[in-house]
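Undergrad: Could you work out the structure for the sequence below:
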Amino acid sequence: FQPSCAFPVCHGTEERCRLVLSYVLEGLKSVDSSIKKEGDLPAADPSTPIPLKYEDESSSGGPECLEKQMALFLDKMGSFPKGQHCSLSGMIPGSWQYKMKLQLILKSCKAYYVLSDAAMSLQKYGRALRYIKLALQCHDTYCCLCASMLPEALVFLCQCLTLCGDTQLMLAQNANNRAAYLEEFNYQTKEDQEILHSLHRESSCQVFAWATDLSTDLECQLSVSCKCYEAAYEILLFSNLKNQNPEQHVQVLKRMGNIRNEIGVFYMNQAAAVQTERMGNKNVSTAEQQLWKKSFSCFEKGIQNFESIDDATNAALLLCNTGRLMRICAQAHCAAEGNFKREFSPEEALYYNKAIDYYLKALRSLAKRERHPAVWDSVNWELSTTYFTMATLQQDYAPLSRKAQEKIEKEVSEAMMKSLKYCDVDTVSPRQPLCQYRAATIHHRLASMYHSCLRNQVGDEHLRKQHRVLADLHYSKAVRLFQLLKDAPCEFLRVQLERVAFAEFQMASQNSNAGKLKTLFGALDIVVKTKCAFQLIRKELAAECEQLRKDEGNAENATSNDSSPGLNKEEVLKLLGIFESRMSFLLLQSVKLLTSTKKKMG
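TA: Below you'll find the model as predicted:
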C-alpha cells in the first residue's frame, strides 16, 4: 500500500501546531455539515437499553462531586450558560458527531496552548494572549459539551489559566511595546476564525472572557493576572487534584506569591507618589491610607503563599518590601506641624519600629547568609538604613517636648550601634563602599553627639570622662573609614576639623603649659594629616577644569558640565576658610605657649 501523498515535514513548533489545527478544522467542518444533514434523526428504540459507562469513583471523590465543584467554579468565573451540558447546534450526547467534536475541540485547545507557550518564549506577548484566549474558548466549549469532566481536563485548564496569568503579567511589565502587542493580539487567521465559528455553534465561549482582554491599565492587567492564578489554584482544590499534581500546585502558589508582590509594590509606589504630591499638606490623605492597606494586604497574602511552599527566600523578599512600606508610612507622618518646631513624632517611631520587625522576620526566614547571600545582604542593608534613618531623625529633630535629652541621646546611640551591626563593611561586594560610607557617617554623628554632650555638661566628672573617651573613639573610627574612601574628601576634612575643635575644647580646660602643648601638637598633627584630603580635592578640581576645556572646544557638549555632580565648591571654600582660621589659631597658640615656657625656664 502506498500513500497518495507524502506527509509534510514540519520544522518548528508553530508550523506543527498550525498543521494540527488545519486537520482539526477539516474534522470540525465534516462534523458540523453532518449534523445539518442528519437533522431528522430516527427515534430511539424503546426496547433497546442505553449502554451506560460506570467508573470507579473511589480514587477522585466521584465524577458527580467533580461536576458540582466545576459548575460552582464556572459560575464564579463568569456567566456559565444555562443547560451547560447541552449543544446549541442540537448534537445528541453520545452520538458519533458529539464524541468526535469533543476530541477535535480538545486537540485544538492543546494546539493553541502550545502556540501560546511558544509565543511567550519569543516574547510575543500579544500573540501569546491571542492564542491562550482561543485555547480557553476551546476549553469553555469542551466544558459546555462534556457530560463527565475528567481530572486531566481540569489540570489542563489549570495550566491554561496559569499561562494566561503569565501572559498578562508580561504585558503589564512591558507596557512600552503595547502598540505592537495590540497589533499581534488583534490579528487572526481565517483558520482561527472558522474554528471559532464552529465553537460558537455549541457555546458562547464567554466564561473566561475576563482573563483574555488586553487592557491598557496596569492595575487592571496585574489584577487579571492574579485572578487567573487564583482560578488555577481553585481548580487544584477540586477532589484533591493538588495532591495528585504537587509540582503544578507549587508553581501556581509561587506565581500567586509573585503577582501579589507585584501588585503590592504597585500600590506602594502609588502611595509614595501621592505622598510626594502633598508635601505642602501636613495631613495624611484617605487615599494614601487606602493604598497602604491594599499594598499591605497583597504583601501579607504573598508571604502566606511562599511560606505554604517553604520558599524562604521569596518570603524574605516580601517581608523586606513590607518593611519598605512601613518606612513610607513613617515618612508620611514627618510633615512639619504649622509654625511649631519639627519633632520626631510617635507615629514615625511606630512605623519605623514596624519596619524593623519585618526586616528581622526576613532575616529569621532566611536563617543564614549561605541560603541566599544577595537577599541576606539586601535585607541587612535595609535594616541598617532603617535604624540609621530613625536615629538621624531623632538626633536632628529631637522630641524634647516628650523626652529628656539624656534619654534621646541614649536611644540615638542604641539605634546607631544597631545600624552599625547590620552594616557589613568587611565583605567585598558592590555595596561595600556604601557600607563604609554609612559606618563612617555613623561614627562621625556619634562623635559629634558626645562632643556636644561634653560641651554642654557640667558636674559629674565620671560621665564627662566617658563622653570624652567615646567622642575620641568615634572620631578616630570615622577618620579611618573615610580614609578608605577615595570619593569623600570633604567628609574626611570636616571630621578632622571637628577633631581639631575637640582638641581646642580640651586644651581650654587644661591648666599646665605642658598639657596644653601636648594637646596642641596633637591638633597640629591632625591638621597635617588632612593633606590627603586636599590632594583629592585638587585632583577632582583639576579633572573638572579639564572637562570644562574639552566642553568649550565642543559646542555640542557645552552644557554637559551643568549636569556633572563634581565637588560642592561652596562647601570646599567654607571648609578651606575654617581650616585656615584653625591653622592660624593653633600656630599662634604654639608660639605663645613656647615663648611662655622659655621665659619660665630662663
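
Undergrad: can we go C-alpha only for contacts and neighbour counts from here?
TA: Fine.

Undergrad: For stretch 199-213, the averaged confidence score.
TA: For stretch 199-213, mean pLDDT rounds to 88.

Undergrad: whoops, stretch 573-585 was the one
TA: Stretch 573-585 carries an average pLDDT of 91.

Undergrad: For residue 584, grab the count of nearby residues.
TA: Residue 584 is flanked by 12 other residues according to other C-alpha atoms under 10 Å.

Undergrad: What distance do you get for it to residue 29?
TA: 101 Å (C-alpha to C-alpha, to the nearest Å).

Undergrad: and what of residue 169?
TA: Residue 169 is 36 Å from residue 29, by C-alpha to C-alpha.

Undergrad: And the two? Which one has more around it.
TA: More crowded of residue 169 and residue 29, by other C-alpha under 10 Å: residue 169, with 21 against 16.

Undergrad: do you know how far the more buried one is from residue 497?
TA: Distance from residue 169 to residue 497, by C-alpha to C-alpha: 55 Å.

Undergrad: Repeat that for residue 359.
TA: Where residue 497 is concerned, residue 359 sits at a distance of 37 Å (C-alpha to C-alpha).

Undergrad: and these two? which has more neighbours close in?
TA: Taking other C-alpha under 10 Å, residue 359 and residue 497 do not tie; residue 359 has more neighbours (28 against 21).

Undergrad: wouldn't residue 408 be in contact with residue 401 here?
TA: No - if you go by C-alpha atoms under 8 Å, residue 408 and residue 401 don't touch, sitting 11.1 Å apart.

Undergrad: Compare the two (neighbour count), which wins?
TA: Neighbours were counted for residue 408 and for residue 401 using other C-alpha under 10 Å; residue 408 has more, 18 against 8.

Undergrad: helix or strand right after the one helix or strand that one maps to?
TA: Per DSSP states H and E: residue 408 is located in helix 405-421. Scanning forward in sequence from helix 405-421 by DSSP H and E, the next helix or strand is helix 432-456.

Undergrad: any idea of the mean pLDDT for that following helix?
TA: Rounded mean pLDDT across helix 432-456 is 94.

Undergrad: Not counting its neighbours along the chain, what's nearest residue 104?
TA: Nearest non-adjacent residue to residue 104, counting by C-alpha to C-alpha, 6 or more residues apart in numbering: residue 24, 5.7 Å away.

Undergrad: Low-confidence stretches in the chain?
TA: Across the chain, the ranges flagged by pLDDT under 70 are 1-11, 36-90, 239, 280-281, 335-340, 458-459, 553-566, 599-602.

Undergrad: which residue is nearest the centroid of the chain?
TA: residue 265 (5.8 Å; C-alpha atoms, centre = their mean).

Undergrad: show me the contacts for the residue lying closest to it once chain neighbours are set aside.
TA: Closest residue in space to residue 265, ignoring its immediate chain neighbours: residue 295 at 6.8 Å, by C-alpha to C-alpha, 6+ apart. Listed by C-alpha atoms under 8 Å, 6 or more residues apart in numbering, the contact partners of residue 295 are 263, 264, 265, 266, 267, 268, 325.

Undergrad: Export those to CSV and append columns for secondary structure and distance to residue 568.
TA: Converted to CSV, the contacts of residue 295 look like this (DSSP: H, G, I helix; E, B strand; the rest coil; distance: C-alpha to C-alpha, whole Å):
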residue, secondary structure, distance to residue 568
263, helix, 40
264, helix, 39
265, helix, 35
266, helix, 36
267, helix, 37
268, helix, 34
325, helix, 33
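
Undergrad: filter the residues you listed to the buried ones?
TA: With burial judged by 16 or more other C-alpha atoms under 10 Å, the buried subset of the contacts of residue 295 is 263, 264, 265, 266, 267, 268, 325.

Undergrad: how about residue 330, what does it touch?
TA: By C-alpha under 8 Å, 6+ apart, the contact list for residue 330 reads 347, 348, 349, 350, 351, 352.

Undergrad: and it, how far is that from residue 375?
TA: Residue 330 is 24 Å from residue 375, by C-alpha to C-alpha.

Undergrad: before we move on, what about residue 173?
TA: 22 Å.

Undergrad: just residue 487 next, same as before
TA: 27 Å.

Undergrad: List the residues that contact residue 494.
TA: residue 575.

Undergrad: next one: phi and psi at it?
TA: phi -60, psi -40 (degrees, to the nearest 10).

Undergrad: next one: the one 3 residues further on
TA: Torsion angles at residue 497 (phi, psi; degrees, to the nearest 10) stand at phi -70, psi -40.
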